[in-house]
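S.K.: Here is my input; please provide its structure:
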Amino acid sequence: MLAEMWLGTLAAGIVLGAGLPGEPALVSLMDMSLLSGMVLITVGALGGHRDALRRVALADRKALAEQTRSVLLEERARIARELHDVVAHHMSVVAVQAEAAPYRVSDPPPELARSFATIRSSAVEALTELHRILDLLRNGTDEASPQPTLDRLGELVGRLRAAGTPVTMRVDGERRALPPGVELSAYRIVQEALSNALQHAPGARVGVEVTYKPGDLHIRVDNDPPPNPPPPSERPGHGLLGMRERVSMLAGELAAGVRQDGGYTVTVRLPLGGREVR
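M.R.: Numbering: from 1, shown residues only. Reported below is the predicted structural model:
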């Protein structure tokens, strides 16, 4: 490009020199050619310097991004170790104590034995989920870990019933395979809604409804007012926030609020044909 510009300048000088005969014109032509060449060389050098600076800046940005990623991975590993040391230990104690408790009572009532069995089962499942999350934090992937689907809702509701919570479940429409993201999110939404009901309305009746429609999956979880309202929690809850995030990711809709009778209802619509929003 610079050579073409210099040749163009030289050609213009020759044309102008042809109209100005004589030695002074020739000298001026040579001076102009040398000067234009020097100017173009200088411009080219400056342009190369700018390109080099851009390449250095790009390399610095890539190095910073890699350093940030490395710090993030180290932080994930640290969190994983802390979770393992604290939560896994206590959940293991709960599971062991729940398994041993019935043997410490002579002729325990069947209801007591079932309750301890439910506690142990829930603790073991919590440990399994914890290990899956730890693998995700450590390795950045959980492809090898099976994810829960709506087929396991019956187990989830059954454990709550065994623990004494009056839960009903109703499924309308034809059960069919859904996209993996919808299956997992739907299960987690129901799980979180049930956990919120147990925390904020212990002992209240809880109903779960799942409806399969041609283009949507509808979920409804509602609970009656608690017989004995618990004191308000001082810790902010993240359950509803997590549900909204899952629904938003799937371009769905969520509504949650207190009923007139003091109960609480969560309704969700997840489109089955839409793509995930990232």
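
S.K.: in this protein, which segments are predicted with low confidence?
M.R.: In the predicted model of the chain, residues 1-49, 71-73, 75-89, 131-146, 231-238, 273-278 satisfy pLDDT under 70.

S.K.: per-domain residue ranges of it.
M.R.: In terms of domains, the chain is parsed into 1-146, 148-278 (source: automatic domain parsing).

S.K.: buried ones in stretch 116-133?
M.R.: 116-125, 127, 130, 133 (16 or more other C-beta atoms under 10 Å). C-betas here are computed from N, CA, C, even on glycine.

S.K.: My error: substitute stretch 150-159 in the last question.
M.R.: Neighbour-count burial for stretch 150-159 flags L150, L153, L156, V157, R159 (criterion: 16+ other C-beta under 10 Å).

S.K.: I'd like the residues you listed as CSV, with distance to R104 appended.
M.R.: CSV is the format used below for those (distance: C-beta to C-beta, whole Å):
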residue, distance to R104
L150, 38
L153, 34
L156, 29
V157, 30
R159, 23
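
S.K.: And those, which is closest to V190?
M.R.: Lowest distance from V190 to the buried residues of stretch 150-159 (C-beta to C-beta) belongs to L153, with 6.2 Å.

S.K.: Please name the nearest non-neighbouring residue to that closest one.
M.R.: V190 (6.2 Å; C-beta to C-beta, 6 or more residues apart in numbering).

S.K.: now G203
M.R.: Per C-beta to C-beta, 6+ apart, closest to G203 is P227, 4.8 Å.

S.K.: again with V210
M.R.: Using C-beta to C-beta, 6+ apart and skipping the chain neighbours, the partner closest in space to V210 is V171 (4.9 Å).

S.K.: any idea how far the one you found is from P110?
M.R.: Counting by C-beta to C-beta, to the nearest Å, the gap from V171 to P110 is 29 Å.

S.K.: which one of the two has more residues nearby?
M.R.: Taking neighbours as other C-beta atoms under 10 Å, V171 and P110 compare with V171 leading, 14 against 7.

S.K.: Downstream of the helix or strand containing that one, the next helix or strand is which one?
M.R.: Using DSSP states H and E, the element containing V171 is strand 167-172. Per DSSP H and E, strand 167-172 leads on to helix 180-200 as the next helix or strand towards the C-terminus.

S.K.: Hmm, L184 is touching P148, no?
M.R.: Yes. Contact status for L184 versus P148: in contact at 6.8 Å, counting by C-beta atoms under 8 Å.
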